[in-house]
Structures are given as C-alpha cells and as structure tokens.
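[1] sequence first, then the predicted structure, then my questions.
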Amino acid sequence: MPLSIAIDGPAASGKSTLAKALAKKYGFIYVDTGALYRTVGLHVQNLCLSSQDKEGIIEALPEIHIEMRLQDGRGEVYLNGRPVGDEIRTPVCSLYASDVSKLPEVRAFLLSLQRDIAAKNNVVMDGRDIGTVILPNADVKLFMSAAVAERAKRRWKEWTEKGVTMTYEEALEELSRRDENDQNRTVAPAVPAPDALPLDNTGLTAEETVAAADRLIRDRLGDRLRQAATCL
Ligand code: CDP
Ligand code: CDP
C-alpha cells in the first residue's frame, strides 16, 4: 500500500512549501489540491460568471475536464487538455477558488481524481480537507497554522515579488475572507482531523518547519518510511 502524508491548514500557513520539500526529501509525489479548486475557479472566471452563481457553476461542470499528470515528482494540472500556469494564482482567482469550493457538487467533482493519485503513489498531498475527507486513512496528518498577521505578510511579500500591486491590508483582508469561507462552510470545512498533528510555524523558517515535520513523520512511520522513501 502506498504511503500518504496529508497536510491541511489555512492559506499561507506554509503547506505547499512544506509539502514540496517533504515530497523531494522522501521521493514522494507532491499533490497540490488547491490547484484543482483554483482551476475550476479559473474556468468559471473565464466564463465571466459570478463566483456566487451557484447554478451557473454547476451547469458548467460537465464542460470542465481536469487531469493531474505526473511530471517531475508532482501532479501537474491540465484544464481541457492544457497545462494551467500562474493564472490560477492571482488574488481574484484565489477568491473564485474559495467560493466555488463551498459547493458540494464541485467537491464531489474533484474527489476521485485526488483519491486515485493517492491509491497508486506515495504522496504528500496538501489542502483543507485531506485528513478529514479525501484521505481519512492517511498514514500521517499534519495541520499547519501560523498567526494571520504573519500569513498576510508572507502572501503580501509573495505577490509584491511577483509584481502584483497590493497593500498589506489588502492581503490581510483577502486571507481573512478566505479563512472565514473555508472554516465555516458546511461541506468539508478546513478543520483539523481528530488524529491530525498540529504544526504551528509562526516565526519558523521553511527549513525549520521541514525539520519539525520530518521529526513528527519519522516518529509516526518509523521503518515504513525508510522502506517507502526512495532517497533516505
Ligand atoms: O495556497 P493557498 O493556501 O492560498 O490556497 P490553495 O491551497 O491553493 O487553495 C485555494 C482555495 O481552494 C482555498 O481557499 C480553499 O477554499 C479551496 N480548497 C479547498 O476547499 N479544499 C482543498 N483541499 C484545497 C483548497
Ligand atoms: O501553501 P500555503 O498557502 O499554505 O503556503 P505557502 O505557499 O507554502 O507559503 C506562503 C508564503 O510564505 C510563500 O511565499 C513561502 O515562501 C512563505 N513561507 C515563509 O515565509 N515561511 C515559512 N515557514 C513557510 C512559508
């Protein structure tokens, strides 16, 4: 049976930074499930639908064909046969992703794709509901957190470096709105699974976070990790 490491937590808590580093360290596949919701959000945005247009979004789902192809140790997302790029990372697309992800129809639409990858590969999968809904039997579950002011600073810095004009206050507002959406939705809210290990990385560098997570994972998996990891 392949091994699965689930990493959940709020936006900019450092999930993808950690998940990518762990996948590289262990030789596992990195699966960014947020990219799937962002891709649905992008399609809806391209159709010029409002992110609140529930019926319109549900009607559009049959036209959306999303695949994850394994490339260079990660699942690359394809939308209707084309690879998606940074257009899914814009602030507007983030809010579209958050809004479409509230719909049970959208969550159901993306469920088997996520489970199929984990059934066939050793994975580090990050998202909001990996430990609770997608992989309730994941071998290790981490739930990341970091103070909202620090998360907003990280996101503001990331966007500024990419040339997006945005103030710290705008970054904070966008994150807070998504936190509210993600934590309070009725389906698959972003909450820790009862057996998730908490990892607060406020004030930690990415390297310190990887070291802390690696300790937790080795404690939990022991020899199973040594047998599965291709590069330890
Ligand atoms: O990277 P960041 O944490 O900003 O967001 P993301 O992981 O790319 O996810 C974008 C949005 O998709 C989130 O705000 C969630 O609303 C949604 N999402 C979800 O509902 N479930 C997941 N497993 C992953 C993402
Ligand atoms: O995936 P998620 O949205 O949870 O966060 P991320 O994309 O891994 O991290 C958001 C930003 O914070 C990135 O620019 C990371 O480089 C940065 N980061 C950081 O400064 N310190 C950490 N310990 C983790 C991430």
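    Received the coordinates, thanks. Residues are numbered from 1 along each chain as shown. Ligands and ions are numbered 1, 2, ... in the order given.

[2] I figured residue 172 hits residue 149, correct?
    Yes: using C-beta atoms under 8 Å, residue 172 makes contact with residue 149 at a distance of 7.3 Å. The way it works is simple: take the backbone N, C-alpha and C, and place the C-beta from them, glycine included.

[3] these two: who's more crowded?
    residue 172 (17 against 12; other C-beta atoms under 10 Å).

[4] now that one: which helix or strand?
    For residue 172, the element it lies in under DSSP states H and E is helix 168-184.

[5] if we go by neighbour counts, what in the helix or strand following that helix is buried?
    Next helix or strand after helix 168-184 toward the C-terminus (DSSP H and E): strand 197-200. Within strand 197-200, the residues that count as buried by 16 or more other C-beta atoms under 10 Å are 197, 199.

[6] the following helix or strand past strand 197-200 and ligand 2, are they touching?
    Going down the chain from strand 197-200, the next helix or strand is helix 206-221, by DSSP H and E. Yes: Helix 206-221 comes into contact with ligand 2 (C-beta under 6 Å from any ligand atom), by way of 206, 209.

[7] counting by contacts, list what helix 206-221 packs against.
    helix 15-26, strand 140-145, strand 197-200 (3 or more C-beta pairs under 8 Å, 6 or more residues apart in numbering; DSSP states H and E).

[8] quick one: residues in contact with whichever helix or strand comes after that helix.
    Moving toward the C-terminus from helix 206-221, the next helix or strand (DSSP H and E) is helix 223-228. For helix 223-228, the external contacting residues (C-beta atoms under 8 Å, 6 or more residues apart in numbering) are 2, 3, 26, 28, 122, 139, 217, 218, 232.
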